[in-house]
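Visitor: output the structure for:
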Amino acid sequence: MYTPPLFKSDRAASLAFAEARGFGTVCAWDGKRPIASSLPFYLGYADDGTPQAAFHVARHNPLLRLADGTSSWLMAVNGADAYVSPDWYASPDQVPTWLYQSVHLTGSVRILSASELGPHLDALSAKFESWLGPKPPWTTSKMTAGRLDAMKKAIVGLVMTVDEIEGSFKLNQHRSDVDHAVVTNALGLQSDAGARAIGEQMVALRPQLNYISPSASEPADGRNAP
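Guide: As a prediction, the model looks like this:
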């Protein structure tokens with residue numbers, strides 16, 4: 001991952017982002033071309049503290065033959081992203097850009113054993129069911145034994161031992177307070193949910209600035225903000 005130093009996130013922040021997102025694209029090289037799949041995952045840790053990303057794929061997924069426990073795979077975890085118009089800046093002579101948050105995890109991948117698959121599925125569903133509270137969480141115990149067994153036979157669990165963690169959070173950190181505020185204001189007024197999410201992250205970076213409310217009637221360039 002190309003990451004200018006100003007946008008580089010530290011190890012803890014990158015792992016926290018990946019865990020909170022819980023969805024990424026894994027990619028491996030089969031000797032001729034890259035093979036990729038997008039899927040949910042959760043993070044765990046080995047006894048020595050090494051991060052581990054656990055996920056599963058369909059039994060016929062071509063990635064499986066590449067899970068040899070030694071070859072290096074990449075998992076790309078992307079968050080919200082947003083286009084920024086040069087017209088939004090208070091400073092003149094700007095160019096278009098794109099803001100985003102992304103983390104890359106790299107490491108070898110092995111196949112989970114049959115005894116590991118059940119706990120993996122329980123941990124994965126528990127992670128995402130926790131997002132839906134106060135709804136009582138769904139668990140595999142709600143399935144009939146035959147149906148659960150059939151579903152488990154159709155997938156294979158995998159776990160990546162994470163050797164490298166790279167994060168890039170490009171949120172206009174290099175801009176002045178004035179430009180930071182007006183771009184944040186403009187993003188908050190957009191209809192795109194990703195743009196508004198990036199705006200919220202920018203507010204969190206510099207909460208001391210004055211921002212307009214997204215529901216206010218000011219024009220989208222937000223130039224009245226400091």
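
Visitor: what's the longest helix in this protein?
Guide: helix 114-129 (DSSP state H).

Visitor: from the contact counts, what lies against the helix or strand following it?
Guide: The first helix or strand that comes after helix 114-129 along the chain, using DSSP states H and E, is helix 145-153. When contacts are defined as 3 or more C-beta pairs under 8 Å, 6 or more residues apart in numbering; DSSP states H and E, helix 145-153 packs onto helix 114-129. For the C-beta atoms, the positions are set from N, CA and C on the backbone; glycine is no exception.

Visitor: next, the buried residues of the helix it packs on.
Guide: 117, 120, 121, 124, 125 (16 or more other C-beta atoms under 10 Å).

Visitor: for stretch 66-81, same thing?
Guide: Buried, per 16+ other C-beta under 10 Å, within stretch 66-81: 67, 73, 74, 75, 76, 77, 78, 79, 80, 81.

Visitor: where's the fifth one, which helix or strand?
Guide: Taking DSSP H and E as the criterion, the element that holds residue 76 is strand 72-84.

Visitor: please enumerate the helices of the protein.
Guide: 11-21, 114-129, 145-153, 177-188, 193-205.

Visitor: burial count for residue 90?
Guide: Neighbourhood size, residue 90 [other C-beta atoms under 10 Å]: 19.

Visitor: try the one 10 residues further on
Guide: Other residues near residue 100 number 16, with proximity taken as other C-beta under 10 Å.

Visitor: these two touch, right, it and residue 170?
Guide: Yes - because the distance of 5.6 Å satisfies C-beta atoms under 8 Å, residue 100 is recorded as touching residue 170.

Visitor: for the residue nearest to residue 65 when sequence neighbours are not counted, what are its contacts?
Guide: In this structure, residue 65 finds its nearest non-sequential neighbour in residue 30, 7.8 Å apart by C-beta to C-beta, 6 or more residues apart in numbering. Contacts were defined as C-beta atoms under 8 Å, 6 or more residues apart in numbering; by that measure residue 30 touches 62, 65, 66.

Visitor: and residue 30, how far from residue 60?
Guide: Separation of residue 30 from residue 60 (C-beta to C-beta, to the nearest Å) stands at 15 Å.

Visitor: now residue 48: phi and psi?
Guide: Backbone torsions for residue 48, taken as degrees, to the nearest 10, come to phi -90, psi 10.

Visitor: where does pLDDT dip in the protein?
Guide: With pLDDT under 70 as the threshold, the chain has low-confidence stretches at 214-226.

Visitor: residue 114 versus the residue of the chain positioned farthest from its centre, what's the distance?
Guide: What lies farthest from the middle of the chain is residue 146; by C-alpha atoms, centre = their mean that is 34.2 Å. Applying C-beta to C-beta, the value for residue 146 to residue 114 is 17 Å.

Visitor: now do residue 82
Guide: Taking C-beta to C-beta, one finds residue 82 at 44 Å from residue 114.

Visitor: just residue 43 next, same as before
Guide: Distance from residue 43 to residue 114, by C-beta to C-beta: 22 Å.

Visitor: tell me what the strand holding residue 76 is packed against?
Guide: helix 11-21, strand 23-29, strand 97-111, strand 155-170, helix 177-188, helix 193-205.

Visitor: contact partners of the second one?
Guide: By that I understand strand 23-29. So strand 23-29 is contacted by 18, 34-41, 53, 55, 63, 66-67, 71, 73-78, 105, 109, 160 (C-beta under 8 Å, 6+ apart).
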